[in-house]
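S.K.: Whatever this is, show me its structure:
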Amino acid sequence: MKPFNDPAVAKVFATYPTNIREKLLVLRVLIFETAAATQGVGELEETLKWGEPAYITASSKSGSTVRIDWKKSAPTQYAMYFNYQTNLIETFKVLFPNEFRF
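M.R.: The predicted model follows:
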C-alpha cells in the first residue's frame, strides 16, 4: 500500500470504522493504479477537500478531482464523488450498471 504523504489524510482514514476503512483503502489503491496506468495523468496529489480524501492531477491538470468518504448517516455505505460536469457518472452507468448506486 502506498504510504500517506499527508498526515491529515491518514488521520481521516484512521477515523473510519475498520470494515469501511478497508474498502476505502481498496478504492484508494485503484485510484492510484488507474492514474499510473493512464497516459497523460501524471502523479496524483492526495489531499483533503471538504474534509474528505481527494485525489487531483496537480502536475498535469488532466482530470477532475475524485473524492472518497464515509458518512455516519449511512454507516454501511461508502462513496466516491466526481465533478458533476464531467461525463464520468454517465460512463460508469454504462460500464458498471449493477456495481454502483448512482
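S.K.: Give me the distance from the host helix or strand of residue 67 to the chain's centre.
M.R.: Taking DSSP states H and E as the criterion, residue 67 maps to strand 66-70. Taking C-alpha atoms, centre = their mean, to the nearest Å, one finds the center of strand 66-70 at 5 Å from the center of the full chain.
S.K.: Return the mean pLDDT over that strand, rounded to an integer.
M.R.: Regarding strand 66-70, the rounded mean pLDDT is 96.
S.K.: and if you look at stretch 16-25?
M.R.: Stretch 16-25 shows a mean pLDDT of 98.
S.K.: State the distance from the closest residue to residue 80 other than its chain neighbours to residue 53.
M.R.: Using C-beta to C-beta, 6 or more residues apart in numbering and skipping the chain neighbours, the partner closest in space to residue 80 is residue 68 (5.1 Å). (C-beta placed from N, C-alpha, C; glycine too.) Using C-beta to C-beta, to the nearest Å, residue 68 is found at 5 Å from residue 53.
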